[in-house]
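In: sequence plus the predicted model coming up.
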Amino acid sequence: MIEALFTPQGRILAILALTVALFLWGRLRHDIVALIALLASVVAGLVPPAQAFEGFGHPAVITVASVLILSHGLQTTGAVDRLTALVLPRKAGPVFTLFVLCVLAAFLSAFMNNVGALALLMPVALQIAPRLGLAPGRVLMPLSFSTMLGGMATLIGTPPNLIVSGFRDQLTGAPFAMFDFSPVGGTVALAGIAFIALGGWRLVPERQAAAIDQFQTAAYLTEARIPAGARAAGLRLHEIEAELADSSAVVVGLVRGDRTIAAPRPYREVREGDILLIEAESNALSKALVGLGLTLEGDVKSASREAGKPPAALTAGGVELIEVTVRPTSPLIGRTIGDIRLRDRFGLNLLALSREGRQQLVRLHALPIRAGDVLLLQGTPAEAAEFAGQFGLVPLARRAISIPSPAKALGISLIMAASVLIGALGILPPAVAFSGGVVAAVVLNIVPARRMYDAVDWPVIVLLGALMPVAGAMATSGAADWLARGLVDTLAGGRPVLALVLVLVVTMCLSDFMNNAATAAVMCPIAVGIAQRMGVSADPYLMAVAIAASCAFLTLIGHQNNTLILGPGGFRFGDYWRLGLPMELLVLAVSVPVLLVVWPL
């Protein structure tokens, strides 16, 4: 056993086992885990040092980066908003409305980044949910699943498809074409969407997510007056907050005479007679207020608040309450509002936070942010938009259709269509076609050059570039063939169809807990080894990997989109399998016969 670890197969399998364990552990980001796997493979002599970073030049990596930039253009020009307004029915029941919304989501995600497609449609879903009489989650989960289904249908729909195509290119010298995925992926997507719309949405637990009118901020808002002779008179707001640090208090409003100032800047000086609206737990606040010479005016519980509206002092002077949710790739994750100096840098206050449907209202200044959290911010829309853009947050309010320039919206749509057509017809390889589209979008100033690199999801790019050589080492070391023999001889009994089912099931299971691109990179060499062991075509096995890698329906950690709907849907970790398990069984039942017809063994 010990001697086996010193063979190339033993070394790469040990690295693979460690990599999967780190992915499942979840404490390190996927890109960091991928880099650890790459460096370990180099140190173990499995990847030549000169070839360690060749994966970053792989066509799949270039294509993913290019599609992300073009997707950014589709989002910012408002082209998708216009399409959504034209397609979605204004008056229809849940079945038809959900079907149209899910088809639209699948169509968009077939040609743009899945997370981007979901982020664009989430405000729409949250708006139509009350009209349909549904809990937000019963619209959001079908929407999330549909974006994953749509990604199966084209080469550029999701990174696993590009990885699978790259392995076929290495094997046969011919990658999969743009729409080679459509017969199987499209059939599975339509079957899944039909199931969801016809009643699958009823399996989603009814959870009520916290919305602006449901955050119980009033119980933690206290009015404090500055009487004559108070020590606080003449101090600046940040000095007062420093005195109140033990209460994690934030001054969210100031009343001076007849004037109400919402979200006041920290360097504003307070005067005698001012009334401060302070967010903190009243019991912890009282002692500190006495030290400053302030007098409590009582909790803010106006008639408007009791009617389900925020206190007027929070939204004066153009200031609004704005909800955003935290993306899984947001640089805000793990940091606190105090760390980023939200008030100083952006003029915003964090009033409340919803995490898995549970409200957090105190100690927010020092609370580390998690993916899927819903934040209730106080500030101007422009300040909130700047903050959301910089930290990868998704606004949950309904956005008006905004097309800064109709010509730009049309231009990016034509550029994307031309890139797809050129790649599909084989005029140029997809990596070149979409890179050319990026150049055209930047030259025409549809995507500003200064924003181009911000549109790229760099952790995904690093993940892909690092895992390509590792996956290659699995094949060259003979480890993939060894695993294939075990699956074929032990479990499949030499039966190709049963082996195909096993590939689907194993890939689905991994994808529920690992990044889908990492899952595809791990499973592709094994799938090719199975095909070669049985002497059959590798195409159906590679296509099975592509389909199953996009089926992360059971958990919130399998795909970014599941994490993104966590807060807005009020979901808990165990909610996803209720619709997810039937979905995976449906995918299995539909994909196997279609695979055998379209890609015969």
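Out: Here it is on my side, so go on.
In: from here on, just use CA atoms for contacts and neighbour counts.
Out: OK.
In: for the helix or strand that contains residue 524, the distance to its chain's centre please.
Out: Here residue 524 sits within helix 516-534, counting by DSSP states H and E. Its chain's C-alpha centre and that of helix 516-534 lie 26 Å apart, by CA atoms, centre = their mean, to the nearest Å.
In: now do stretch 197-210
Out: How far stretch 197-210 lies from its chain's middle: 20 Å, per CA atoms, centre = their mean.
In: swap in stretch 428-447?
Out: 24 Å.
In: low-scoring stretches of the stretch 301-450 of the chain, by residue?
Out: 301-318, 356-364, 397-404 (pLDDT under 70).
In: the helices in it, which residues?
Out: Taking DSSP state H, counting those that start in this stretch as the test, the helices found in the stretch 301-450 of the chain are 303-306, 337-340, 342-346, 381-391, 406-424, 430-443, 449-452.
In: quick one: which of those is nearest residue 267?
Out: helix 342-346 (8.9 Å; CA to CA).
In: quickly list what the closest residue to residue 350 other than its chain neighbours is bridged to.
Out: Excluding its sequence neighbours, the residue lying closest to residue 350 (CA to CA, 6 or more residues apart in numbering) is residue 377, at 4.7 Å. Beta-bridge pairing for residue 377 (DSSP bridges): residue 322, residue 350.
In: residue 377 against residue 323, yeah?
Out: Yes. Counting by CA atoms under 8 Å, residue 377 touches residue 323, with 6.2 Å between them.
In: okay, and for the stretch 451-600 of the chain, where does confidence drop off?
Out: Using pLDDT under 70, nothing in the stretch 451-600 of the chain is flagged.
In: show me where pLDDT drops low in the stretch 1-150 of the chain?
Out: 1-6.
In: can you pull out the strands in it?
Out: Taking DSSP state E, counting those that start in this stretch, the stretch 1-150 of the chain contains no strands at all.
In: before we move on, what about the stretch 151-300 of the chain?
Out: So, for the stretch 151-300 of the chain - with DSSP E, counting those that start in this stretch - the strands run 221-225, 250-256, 259-262, 275-279, 295-299.
In: would JSON lines of those with mean neighbour count be doable?
Out: Putting the strands of the stretch 151-300 of the chain into JSON lines (neighbours: other CA atoms under 10 Å) gives the following:
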{"stretch": "strand 221-225", "mean neighbour count": "23"}
{"stretch": "strand 250-256", "mean neighbour count": "22"}
{"stretch": "strand 259-262", "mean neighbour count": "19"}
{"stretch": "strand 275-279", "mean neighbour count": "25"}
{"stretch": "strand 295-299", "mean neighbour count": "15"}
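In: dump these to CSV, plus mean pLDDT and distance to residue 119.
Out: Formatted as CSV, the strands of the stretch 151-300 of the chain follow (pLDDT from 0 to 100; distance: least, CA to CA, whole Å):
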stretch, mean pLDDT, distance to residue 119
strand 221-225, 78, 32
strand 250-256, 83, 29
strand 259-262, 80, 29
strand 275-279, 82, 30
strand 295-299, 62, 37
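In: residue 12: which of the ones you listed is closest?
Out: Per CA to CA, nearest to residue 12 of those: strand 250-256, 52.9 Å.
In: partner strands of the closest one and their direction?
Out: Sheet pairing for strand 250-256, using DSSP bridges, gives strand 259-262 (antiparallel), strand 275-279 (antiparallel).
In: out of these, which gets nearest to residue 497?
Out: Using CA to CA, the nearest of the strands paired with strand 250-256 to residue 497 is strand 275-279, at 62.4 Å.
In: what segments of the stretch 1-150 of the chain are helices?
Out: Ranges of helices in the stretch 1-150 of the chain, per DSSP H, counting those that start in this stretch, are 8-25, 30-43, 59-76, 79-87, 94-109, 114-132, 137-151.
In: and the ones you listed, which is most packed in?
Out: helix 137-151 (a mean of 28; mean count of other CA atoms under 10 Å).
In: next, the angle helix 94-109 makes with that one.
Out: Counting by axes from the mean of the first three to the mean of the last three CA atoms, to 10 degrees, helix 137-151 lies at 40 degrees to helix 94-109.
In: now the angle between helix 114-132 and helix 137-151, please.
Out: Going by the same axes, to 10 degrees, helix 137-151 makes 150 degrees with helix 114-132.
In: packing partners of helix 137-151?
Out: Contacts defined by 3 or more CA pairs under 8 Å, 6 or more residues apart in numbering; DSSP states H and E place helix 137-151 against helix 94-109, helix 114-132, helix 182-198, helix 560-564, helix 566-569.
In: now the ones you listed as CSV including distance to residue 142?
Out: Putting the helices and strands packed on helix 137-151 into CSV (distance: least, CA to CA, whole Å) gives the following:
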stretch, distance to residue 142
helix 94-109, 7
helix 114-132, 10
helix 182-198, 6
helix 560-564, 10
helix 566-569, 11
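In: figure out which of the ones you listed is closest to residue 442.
Out: Of these, nearest to residue 442 by CA to CA is helix 114-132, at 19.2 Å.
In: list the contacts of the closest one.
Out: 71-72, 75, 80-81, 93-94, 105, 108-109, 135-136, 138-140, 143-144, 147-148, 151, 157-158, 394-399, 560-561 (CA atoms under 8 Å, 6 or more residues apart in numbering).
In: one more: stretch 428-439?
Out: Stretch 428-439 has contacts (CA under 8 Å, 6+ apart) with 59-60, 62-63, 66-67, 69-70, 178, 415-416, 418-420, 422-424.
In: and with 6 Å instead?
Out: Here stretch 428-439 makes contact (CA atoms under 6 Å, 6 or more residues apart in numbering) with 59, 62, 63, 66, 415, 419, 423.
In: stretch 223-242 now?
Out: So stretch 223-242 is contacted by 266-277, 292-298 (CA under 6 Å, 6+ apart).
In: for stretch 52-59, same thing?
Out: For stretch 52-59, the surrounding residues in contact (CA under 6 Å, 6+ apart) are 431, 465, 468.
In: same question for stretch 411-419.
Out: Residues contacting stretch 411-419 (CA under 6 Å, 6+ apart): 433, 434, 437.
In: equivalent analysis for stretch 22-31, please.
Out: Contacts for stretch 22-31 (CA under 6 Å, 6+ apart): 459, 462, 463, 514.
In: can I get the residues you listed in TSV including distance to residue 8 and secondary structure?
Out: Converted to TSV, the contacts of stretch 22-31 look like this (distance: CA to CA, whole Å; DSSP: H, G, I helix; E, B strand; the rest coil):
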residue	distance to residue 8	secondary structure
459	29	helix
462	25	helix
463	23	helix
514	25	coil
